[in-house]
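Undergrad: Sequence plus the predicted model coming up.
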Amino acid sequence: MTIKLIAVDMDGTFLNDENDYNRARFAQQFRQLSAKGIHFAAASGSQFQRLVDQFLPFKDQMDFISDNGAIVHARDALLFASEIPHQLVNQTLAVLKQHYPQPMALTTLSGVNRAYVDSETPEPIFQLIKRYYNSLIRLDHLFDVDPATLDDQLVKIAVSFDQTINTEAVIPEMINQLQPGLSAMNSGFNTEDIGVSGVSKETGLQHLQERYGIQNDEIMTFGDNENDLDMLTMTPHGYAMANAHADVLAKAPHRTDSNNDEGVLNVIDRLLSGSLDV
């Protein structure tokens, strides 16, 4: 079977712990993938604008699944956006305001055009969040915002808990308070991503599959976290990183080296050389 699409998670997978990758090595691989007609997609919980910034030399020749599948771009064209209904945004923000305010947790609203945090967010934390959201602005009274006034489509509500919080107790409690039609998944770093139920990296990939006429067994995927599991198990060519969570390692069909040892690029080299059994 021929691989026609490669989809990679970013943090903890494609990126090393310095938030970078071997750009010269990947550039050579990307040219070979393109010559073979193999599509390449970044599939992340992060913002589209951040992903584009990380792949500037290739951005017009690849695809992007951002915000855990809530936004899909084929090349630079917006293919899909799963907007959270305004009423559900308001109801969720009311719960977060009452039970999970700063400094217990930081709430980030993510839209198609930009992301938003409360104006009271301390500057060091604001700069940390900008690592994942390049287009980030402050809003006065974030928890009381009317989504209709933002000139944007909100697709994700990220709740990042302080390291002092017992997340094993608090996160299930928060999830139980979500309205029907919403679900949450862990994206690492004590963060729960809330979005429309049924939307995931797998469903994001399905939009690209429909566009390009690609079957599940023609996809190769890489990931390390809970929000990668669906795309890792949708294909027989799913790879968990050596540094992945235990549950991901147990369920993914294959394992590769860690993110710091260029595990994704190592498998791509084997694929391109013909030494990988697919």
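TA: Sure thing, it's come through. Numbering: from 1, shown residues only.
Undergrad: any chance you could map the strands in the stretch 51-200 of the chain?
TA: Secondary structure of the stretch 51-200 of the chain, counting by DSSP state E, counting those that start in this stretch: strands at 63-66, 71-74, 77-81, 105-111, 115-118, 136-139, 154-161, 182-186, 191-196.
Undergrad: Just checking: what are the partner strands of the fifth one?
TA: Spelled out, it's strand 115-118. When pairing is defined by DSSP bridges, strand 115-118 lines up against strand 105-111 (antiparallel), strand 136-139 (parallel).
Undergrad: Between those, which one is closest to Glu218.
TA: Among the strands paired with strand 115-118, the nearest to Glu218 by Cβ to Cβ is strand 105-111 (30.0 Å). The C-beta positions use only the backbone N, C-alpha and C, and glycine is treated the same way.
Undergrad: got the buried residues for stretch 230-238?
TA: Neighbour counts over stretch 230-238 (16 or more other Cβ atoms under 10 Å) mark 230-232, 234-235, 237-238 as buried.
Undergrad: Find the pair from those with maximum spatial separation.
TA: By the measure Cβ to Cβ, the buried residues of stretch 230-238 have their two most distant members at Asp230 and His237, which lie 14.4 Å apart.
Undergrad: re the thing from before, out of the strands paired with strand 115-118, flag the one nearest Leu150.
TA: Proximity of the strands paired with strand 115-118 to Leu150 was assessed by Cβ to Cβ; the nearest stretch is strand 105-111, lying at 6.7 Å.
Undergrad: thinking again about what came up before, in strands, which of the buried residues of stretch 230-238 fall?
TA: Those of the buried residues of stretch 230-238 mapping onto strands are Gly238, per DSSP state E.
Undergrad: Including distance to Ile268, could the buried residues of stretch 230-238 go into a markdown table?
TA: Output for these, formatted as a markdown table (distance: Cβ to Cβ, whole Å):
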| residue | distance to Ile268 |
| --- | --- |
| Asp230 | 22 |
| Met231 | 17 |
| Leu232 | 16 |
| Met234 | 19 |
| Thr235 | 15 |
| His237 | 12 |
| Gly238 | 14 |
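Undergrad: Tell me the one of the buried residues of stretch 230-238 nearest Asp217?
TA: Of these, the one sitting nearest to Asp217 (Cβ to Cβ) turns out to be Thr235, at 6.0 Å.
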